[in-house]
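Novice: Have a look; sequence and predicted model below, questions after that.
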Amino acid sequence: MPVKIRLQRHGKKGKPFYWVVAADVRSKRDGRMLEKLGTYNPNTNPATIDLNIDAAVKWLQNGAQPTDTAKALLSYKGAMLKNHLIGGVRKGALTEEQAEAKFQAWVEEKDAKIEKKISDLAKTKDEAKAKILKTEKEINESRKTAVEAAENEAIKAAADAKAAKEAAAKAKDAPEEEAPQTIDDVVEQAKEEEK
């Protein structure tokens, strides 16, 4: 019975979630499986891959052929490397301790890369948030200044209107002033005062 290591689709429309399974070649994509080896969630950044490496290696040792996508996932998590190292141990090129040490070194290096990517994504996200916040603060400050200027203009206009109203009321209440005197009037007034 030929066996494939492949993906079984789950999740909902537009949000796929996959199981990594060992299944008979003749079974349907989402049909009967022999063993569930792990999960793959491409909706997160970076993609979340949970894989039982020992079970995957066991199936690879028994002749299961991975599909292209499954092979990429197995390589990403180190199952293909572990299978290769076990082949080297069988041939006598390595001891089990050396193979395990190489595998653990590779896993640590891979985890460091993943952590760096996660921290870089978080840093980029924080920088974007800070930039948006700075832009919003600038916009709010410009709005505040515009509102204060409009309020000052309104207060000044109200004060000018009040002053104009008061001046009009004073002009209305005040007795009419005499017209300015001419030189003849001044001379005539001075003569009357002398008499």
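Specialist: On my side now, so go ahead. Just so you know, these numbers come straight off a predicted model, no measurement behind them.

Novice: The protein: strands as residue ranges?
Specialist: Listed in chain order, the strands of the chain (DSSP state E) span 3-12, 15-24, 35-41, 48-51, 65-66.

Novice: May I have the distance across stretch 90-97, first residue to last?
Specialist: 13 Å (CA to CA, to the nearest Å).

Novice: just stretch 41-49 next, same as before
Specialist: 6 Å.

Novice: for the record, mean pLDDT for that stretch?
Specialist: Mean per-residue pLDDT for stretch 41-49: 90.

Novice: What residues sit buried inside it?
Specialist: For stretch 41-49, the neighbour count (16 or more other CB atoms under 10 Å) marks Ile49 as buried. Where you see a C-beta, it was placed from the backbone N, CA and C, and this is true even at glycine.

Novice: How far away from the center of its chain is stretch 84-94?
Specialist: 46 Å (CA atoms, centre = their mean, to the nearest Å).

Novice: what residues does it touch?
Specialist: 57, 61, 95-96, 99, 102-103 (CB atoms under 8 Å, 6 or more residues apart in numbering).

Novice: Quick one: closest of the strands of the chain to Glu109.
Specialist: In terms of CB to CB, the element of these nearest to Glu109 is strand 48-51, at 16.5 Å.

Novice: Mind giving me the packing neighbours of that closest one?
Specialist: Counting contacts by 3 or more CB pairs under 8 Å, 6 or more residues apart in numbering; DSSP states H and E, strand 48-51 is packed against strand 35-41, helix 68-77.
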